[in-house]
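Peer 1: Here is a sequence together with a model predicted from it:
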Amino acid sequence: MCQLCETGELGAAGFGVVTRPAEQLAGIAWAGSFADARAGAVRALLSGVQARVGQGNGLWASPIIALSWNDRPDGFCSFVGIAAEEADPAMAFDTRLALPSTTCATAWHAAGDGDVVRHYGRMIEWIASLGHTRDTGSYHHREEYPRDADFDAAPELRLMIPID
């Protein structure tokens, strides 16, 4: 099943809970400041991975997956890639990650949904309202983008936060 289509049961607030199975990813790692990210460094990383992987096999291609770790006061670390089984050696990915099965709060963020950070804030409030806590053992945030995403347009992506 297409990972982008799996939404779980969405509540009235547009949030749901899904479980991603254990997986292997291949991609590129990046670390930088929040200023670097605002200046387009992460967008360039996303576009660079997209250029390497192409559009994929339609609906059955894995999405472009971005993970982040807010592990320092001046910035964060990020990883952008795809399912390792879809990575060709010609794509020249330098990083492989093995992720355990993870349960996440999730929501689709459409182009007209405003600021992504505010959407994450609403999701964090929703998580707390259910009595869950964030699980930062593997990563802090996961984003899934369609292979044909336009990274120069308003963002459209699946937002995910691991929970207990």
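Peer 2: The structure has been received and is ready for your questions. Numbering: from 1, shown residues only.
Peer 1: What is the lengthiest strand in the chain packed up against?
Peer 2: Selection of the longest strand in the chain by residue count, based on DSSP state E, yields strand 23-33. On a contact count with 3 or more C-beta pairs under 8 Å, 6 or more residues apart in numbering; DSSP states H and E, strand 23-33 meets helix 41-53, strand 64-72, strand 75-83, strand 95-99. Bear in mind the C-beta positions are built from the backbone N, C-alpha and C, glycine included.
Peer 1: How far does the first one sit from its chain's centre?
Peer 2: In other words, helix 41-53. Counting by C-alpha atoms, centre = their mean, to the nearest Å, helix 41-53 is centred 13 Å from the centre of its parent chain.
Peer 1: now swap in stretch 157-164 and tell me
Peer 2: Put simply, stretch 157-164 sits 8 Å off its chain's centre (C-alpha atoms, centre = their mean).
Peer 1: With mean neighbour count, distance to residue 15 and mean pLDDT added, can I get the helices and strands packed on strand 23-33 in JSON lines?
Peer 2: Below are the helices and strands packed on strand 23-33 laid out as JSON lines (neighbours: other C-beta atoms under 10 Å; distance: least, C-beta to C-beta, whole Å; pLDDT from 0 to 100):
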{"stretch": "helix 41-53", "mean neighbour count": "18", "distance to residue 15": "23", "mean pLDDT": "96"}
{"stretch": "strand 64-72", "mean neighbour count": "18", "distance to residue 15": "19", "mean pLDDT": "95"}
{"stretch": "strand 75-83", "mean neighbour count": "21", "distance to residue 15": "23", "mean pLDDT": "97"}
{"stretch": "strand 95-99", "mean neighbour count": "14", "distance to residue 15": "21", "mean pLDDT": "97"}
